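Q: Could you look at this predicted model? Sequence included:
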Amino acid sequence: MNIFMIESPLQLINAIEAKHHFSIKKEEAVLLILQAENENTMKQIANMVSKEEWADVQVIGSGTGKVTWVTRLFSSRNVVKRYQQVNYIFIGDYRSDIMRDFVVSVNHKKVYLLDDGNVTIRMFEMISNGRLPQDSGAKFIIKSAFKKVLTPKAPKNNEITNIAFFTTFDLKSDHIEIVKNNYEYFSSISKNQEKKPVFFFLGAPLSEKNVMASEERYIEYLRQVKRYLQDTEMVYIPHRSESPEKLDKIKNELNIKVTTIQTCIEFELSKNPYLPEGLGSFYSSALGTCHQIFKDLIEIKAFYLQPQDLAEKNQPEIEKIYRYYGEFMDVVKDY
């Protein structure tokens, strides 16, 4: 049996791609979905899951908000008892203590880390340098105390030292196995689609998560993007974590059409009867995955955010993303 453990729509995309890449049959593939804090995340995942793809699909945990961590903790220990011996394990986020606990508790031949957006680059650099990502601070202390009381048999050390990467990024290593994800499966089902003269812009919860200091500055950047596109129709595709108040401003103040999708953009476009002529965002990881899937079928642009408008702690990583994107797409600075 092979286990795929995910907690976001993008991780599910990469789990499906990995299943096809490694030629894993339905009866040998189990999908484990960690209950997400965000209700919209679970709705998108539910709309993307086809039970015809998997021998079994299980949701680990229940509820919404911070309580999900506790319910996932209990449920995951029960799952460990069920799968004591497996072949491959694919996990979507190395930072997840639930996923690491599962990996070190189950006998397996190999574990692969799936892409979870641009954070893959940071995880690879840390693991390459022997600095395995660790939780710390007050939150970690509280969670550790809960784990000792609630699940005393949970592993005390959940570091994974033999992890391999299944990734779309051009990573290089002499001691870490890297399998390239070229999105061959999703590319194969994304052909012969009509083109529509519209530009999709992928939103991001930058002000909501304090990556950008103010919502007003985010709105102003969107105003500049609309001006740059001139007469091309712009459709704003919101991220599931963006606030309804901000979306109302985009719709009413900027007169930009806001369209909410029920899955992630990669999945949505691959199933759509038509493709937009253009796709853009500030630095969404979906720009990279869509480039891999749709190649030259869609013109893709990343719109540059000035460092002074970003939180200082986020500036180096975002600059690194822009440098990476600049190797294969247009990074628009003058708009």
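A: That came through, no problem. Residues are numbered from 1 along each chain as shown.
Q: Every contact and neighbour count from this point should use C-alpha atoms.
A: Noted.
Q: residue contacts, Ser281?
A: With contact taken as C-alpha atoms under 8 Å, 6 or more residues apart in numbering, Ser281 is in contact with 201-203, 287, 301-303.
Q: now, which of the residues you listed sits nearest His21?
A: Leu287 (21.5 Å; C-alpha to C-alpha).
Q: which secondary structure element contains the closest one?
A: Per DSSP states H and E, Leu287 falls inside helix 286-294.
Q: Which SSE is immediately downstream of that helix?
A: Next along the chain after helix 286-294, taking DSSP H and E as the criterion, comes strand 299-303.
Q: Give me the angle between the helix or strand just after that following strand and strand 299-303.
A: Once the chain leaves strand 299-303, the next helix or strand it forms, by DSSP H and E, is helix 315-325. Interaxial angle, helix 315-325 versus strand 299-303 (axes from the mean of the first three to the mean of the last three C-alpha atoms, to 10 degrees): 160 degrees.
Q: got the CA coordinates for helix 315-325 in PDB?
A: C-alpha atoms of helix 315-325 as PDB (Å, rounded to 0.1, in the frame of the first residue of the first chain):
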ATOM      1  CA  GLN A 315      11.400  40.400   1.600                       C
ATOM      2  CA  PRO A 316      14.400  38.000   1.000                       C
ATOM      3  CA  GLU A 317      12.200  35.000   0.200                       C
ATOM      4  CA  ILE A 318       9.900  37.000  -2.100                       C
ATOM      5  CA  GLU A 319      12.900  38.400  -4.000                       C
ATOM      6  CA  LYS A 320      14.200  34.900  -4.400                       C
ATOM      7  CA  ILE A 321      10.800  33.900  -5.900                       C
ATOM      8  CA  TYR A 322      10.900  36.700  -8.400                       C
ATOM      9  CA  ARG A 323      14.500  35.800  -9.500                       C
ATOM     10  CA  TYR A 324      13.400  32.200 -10.000                       C
ATOM     11  CA  TYR A 325      10.300  33.200 -12.000                       C
END
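Q: what's next to whichever helix or strand comes after that helix, contact-wise?
A: Going down the chain from helix 315-325, the next helix or strand is strand 330-332, by DSSP H and E. Outside strand 330-332, the residues that touch it by C-alpha under 8 Å, 6+ apart are 300-304, 322, 325.
Q: If we use 10 Å, what do you get?
A: 225, 228, 280, 282-283, 299-305, 322-326 (C-alpha atoms under 10 Å, 6 or more residues apart in numbering).
Q: Quick one: distance of the helix holding Leu287 to the chain centre.
A: Offset of helix 286-294 from its chain centre (C-alpha atoms, centre = their mean, to the nearest Å): 13 Å.
Q: Near Phe199, how many other residues are there?
A: When neighbours are counted by other C-alpha atoms under 10 Å, Phe199 registers 22.
Q: Give the bridge partners for it, please.
A: Under DSSP bridges, the beta-bridge partners of Phe199 are Met234, Gly278.
Q: Run a quick check on it versus Tyr228, I expect a contact.
A: No: Phe199 lies out of contact with Tyr228 (C-alpha atoms under 10 Å); the separation is 11.5 Å.
Q: Check which helices and strands the helix or strand Ser75 falls within sits against.
A: Per DSSP H and E: Ser75 is located in helix 67-82. For helix 67-82, the contact count by 3 or more C-alpha pairs under 10 Å, 6 or more residues apart in numbering; DSSP states H and E identifies strand 29-34, strand 56-60, helix 97-105, helix 137-150 as packing neighbours.
Q: 8 Å - rerun?
A: Packing partners of helix 67-82 (3 or more C-alpha pairs under 8 Å, 6 or more residues apart in numbering; DSSP states H and E): strand 56-60, helix 97-105.
Q: Give the next helix or strand downstream of it.
A: Using DSSP H and E, the helix or strand that follows helix 67-82 in sequence is strand 88-91.
Q: Please work out which residues outside that next one touch it.
A: When contacts are defined by C-alpha under 8 Å, 6+ apart, strand 88-91 is touched by residues 1-6, 15, 99, 103, 108-114.
Q: In that strand, which residues are buried?
A: 88-91 (16 or more other C-alpha atoms under 10 Å).
Q: out of the residues you listed, which one sits closest to Ile60?
A: Ile91 (13.7 Å).
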